[in-house]
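1. pasted the sequence and its predicted model underneath.
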Amino acid sequence: MTTKITRRHMLKLAGGATLASALAACAPPPASAPAGQNQAPAASGGKTAAEPTTASAVAAGATTISFMGWGGTEEDGGVKAAIKQFESEQSAVKVTWLHTPDNYAEKFLASVAAGTPPDTSFTGSDVYRTYARDGLLLDITDHLKADPLLGKPDYFIEPQEEARCTYKGKWYGIGSCWVAPHIYYNVDRLTKAGVELPSNDPAKAWDWNTFVTNAKRLTIDKAGKNATESGFDANNIEQWGVQYPDWWIPLHSAITSNGGDWIDPQSGQLILDKPEATEAIQKVFDLVLKDKVSPSAQTMTQLGMSNTQMLENGKLAMAIDGSWALSWMYKIKAPLGTAVMPKLKTPTTNMQAHIHTALKATKNPEAAWQWVRFLSTPFYQTQFCKIGLWLPSQTALMTNDGLKTWITKGVHPDGYVDIVTKFVPKNGKVLYMPPGYSKIDKVLQPAFDKIRSGDATADQAIKDVIGEANQLLAGEAKKG
């Protein structure tokens with residue numbers, strides 16, 4: 001079903017779409033993470049409007065299409081490099097880059113409502129199926145399946161790629177890459193405390209009890225006592241054991257590790273009230289509330305430091321953060337190690353990223369497809385993998401030969417290949433986001449605030465709001 005899109009409808013969508021469409025470096029936006037907790041870097045440069053960039057003069061007879069997206073310095077430069085490469089390989093299509101680092105969702109939807117949408121774009125994963133349902137995105141299923149390269153059954157990591165990109169069996173875009181949370185740690189701090197270094201191999205993942213125990217051994221007060229010792233002063237902590245953010249990507253990782261999920265892909269309904277989910281959620285929040293091994297968002301704000309700075313100066317021994325954070329964490333002046341997420345029942349991690357799409361309204365669908373296709377070939381993805389910002393979604397980049405093209409000494413720690421080839425593709429879980437998904441954030445966030453403050457347990461807080469959230473999702477499902 002294709003719904004006629006009015007300006008009023010677009011503005012409503014913009015209000016709900018802001019959450020993920022403002023993504024930077026493929027990571028979720030600031031609105032999803034409590035103040036003081038680390039997240040992907042905000043787009044830099046102070047730009048406030050779309051800035052068109054054309055790599056070269058339009059060749060005679062060439063078709064020009066536009067490409068709209070967000071991102072900081074790295075993604076801006078990467079897109080420009082990709083345009084240059086794409087235009088050097090053929091002369092039929094030229095691309096104009098509409099870099100929109102701020103208020104992306106609103107500006108994107110305003111352009112659609114005005115009848116001047118881009119030909120191709122970044123699309124946030126939380127609004128992807130909403131846009132597909134509402135007829136904004138071009139169906140590329142036939143192009144993809146007929147493509148001799150991208151159409152191969154083993155070209156992408158599966159079944160995750162199809163799980164994130166299809167709506168009612170049709171493809172309306174292709175994922176930009178994968179990103180996933182894992183552990184970062186200061187090698188010296190763990191070694192000093194006598195804690196065995198965690199592994200990048202999911203078969204050797206710490207279980208939750210081991211993780212908490214080690215985090216306690218690494219949480220040290222000003223008198224030098226750790227959290228396992230008598231007399232430990234939790235009000236005067238000099239070094240925290242771990243920082244585990246409590247926004248949806250790290251939470252989803254814990255929930256799926258415990259055998260639960262955020263949403264049931266079959267029904268499109270939230271299942272956060274199931275015991276597997278509430279137990280995992282509570283364990284994450286208890287790292288602050290009960291175990292006293294993780295700094296709260298308020299503490300992070302008071303310290304005035306990011307988790308990266310804290311890892312470097314010894315205020316923090318371990319941090320849970322997205323794989324994108326490697327692009328700046330590798331620069332710290334301390335030996336950095338990485339490891340898979342701690343497990344509850346099985347080792348898992350959330351897999352996430354924005355999606356490259358062509359707009360249904362484009363007057364040049366073939367040219368738009370050719371550009372989206374190019375973005376799904378090794379050149380574009382490899383440049384971001386090299387700097388630690390992305391993980392590959394293309395299986396060719398995970399072979400021995402493929403890894404040699406982007407694994408970078410000094411950026412990727414020893415053993416990181418196991419994160420890339422074992423942990424993410426074999427243990428990664430994609431969060432299914434049905435149409436209207438972004439609208440439930442306003443219902444869920446107050447519940448998470450109550451858990452965070454200790455005013456309610458996860459079981460109580462989630463059960464109080466699950467009905468309202470699922471009513472919203474059910475209403476959105478009827479629109480399809």
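-> Nice, thanks for sending it over. What you see is a predicted model; the values in this text were computed from it and never measured.
2. what ranges do the helices span in the stretch 151-300 of the chain?
-> Assigned by DSSP state H, counting those that start in this stretch, the stretch 151-300 of the chain shows helices spanning 160-165, 187-193, 208-217, 248-257, 275-289, 297-303.
3. who wins for proximity to Pro101 among those helices?
-> With respect to Pro101, and counting by C-beta to C-beta, the nearest of the helices of the stretch 151-300 of the chain is helix 248-257 at 21.0 Å. From N, CA and C alone the C-beta is placed, and that goes for glycine too.
4. and that closest one, what does it pack against?
-> strand 181-186, helix 275-289, strand 349-351, strand 428-430 (3 or more C-beta pairs under 8 Å, 6 or more residues apart in numbering; DSSP states H and E).
5. quick check: closest non-adjacent residue to Ile406.
-> You called it Ile, but residue 406 is Trp. Distances taken as C-beta to C-beta, 6 or more residues apart in numbering put Cys385 closest to Trp406, at 4.1 Å, once the chain neighbours are dropped.
6. thought that neighbour was touching Lys404?
-> No - using C-beta atoms under 8 Å, Cys385 makes no contact with Lys404, being 11.7 Å away.
7. between these two, tell me which one has more neighbours.
-> Ranked by neighbour count (other C-beta atoms under 10 Å), Cys385 and Lys404 place Cys385 first, with 25 against 9.
8. got the contact list for the helix or strand encompassing the more buried one?
-> According to DSSP states H and E, Cys385 maps onto helix 378-386. Residues outside helix 378-386 that contact it (C-beta atoms under 8 Å, 6 or more residues apart in numbering): 74-75, 78, 81-82, 85, 176-177, 374, 390-394, 396-397, 402, 405-406, 408, 411.
9. what's the spacing between Tyr244 and Lys283?
-> Using C-beta to C-beta, to the nearest Å, Tyr244 is found at 9 Å from Lys283.
10. compare these two (neighbour count), which wins?
-> Tyr244 (28 against 21).
11. list phi and psi for the more buried one.
-> Backbone geometry at Tyr244, expressed as degrees, to the nearest 10, gives phi -120, psi 100.
12. for it, give me its contacts.
-> So Tyr244 contacts 250, 284, 287, 294, 320 (C-beta under 8 Å, 6+ apart).
13. and the closest residue to it other than its chain neighbours, what are its bridge partners?
-> Among residues not flanking Tyr244 along the chain, Ile320 sits closest, at 4.6 Å (C-beta to C-beta, 6+ apart). Beta-bridge partners recorded for Ile320 (DSSP bridges): Ile183.
14. from what I can see Ile320 touches Ile249, true?
-> No - contact criterion C-beta under 8 Å: Ile320 and Ile249 do not qualify, at 9.7 Å.
15. between the two, what contacts are shared?
-> Residues touching both Ile320 and Ile249 (C-beta under 8 Å, 6+ apart) are Pro181.
16. go through this structure and flag its longest helix.
-> Looking across the chain with DSSP state H, the single longest helix is helix 458-478.
17. elements contacting that helix?
-> Here helix 458-478 touches strand 269-270, helix 275-289, helix 441-453, going by 3+ C-beta pairs under 8 Å, 6+ apart.
18. next SSE after whichever helix or strand Val112 is part of?
-> Here Val112, judged by DSSP H and E, is contained in helix 104-113. Next helix or strand after helix 104-113 toward the C-terminus (DSSP H and E): strand 120-123.
19. thinking again about what came up before, which one of the contacts of Tyr244 is nearest Lys94?
-> Distances from Lys94 to those, taken by C-beta to C-beta, are shortest for Pro250, at 40.9 Å.
20. and the closest one, how many neighbours?
-> Other residues near Pro250 number 21, with proximity taken as other C-beta under 10 Å.
21. buried stuff in stretch 151-165?
-> For stretch 151-165, a neighbour-count test (16 or more other C-beta atoms under 10 Å) marks 155-157, 160-161, 164-165 as buried.
22. ok so, going back, looking at the contacts of helix 378-386, which are in helices?
-> Residues of the contacts of helix 378-386 located in helices (DSSP H): 74-75, 78, 81-82, 85, 374, 402.
23. any idea which of the residues you listed is closest to Ser327?
-> Nearest to Ser327 among these, with distances taken as C-beta to C-beta, is Glu74, at 6.9 Å.
24. give the contact list for the closest one.
-> By C-beta under 8 Å, 6+ apart, the contact list for Glu74 reads 25, 327, 384, 387, 389.
25. if you set the cut-off to 6 Å instead, what comes out?
-> Applying C-beta atoms under 6 Å, 6 or more residues apart in numbering, we find Glu74 in contact with Leu389.
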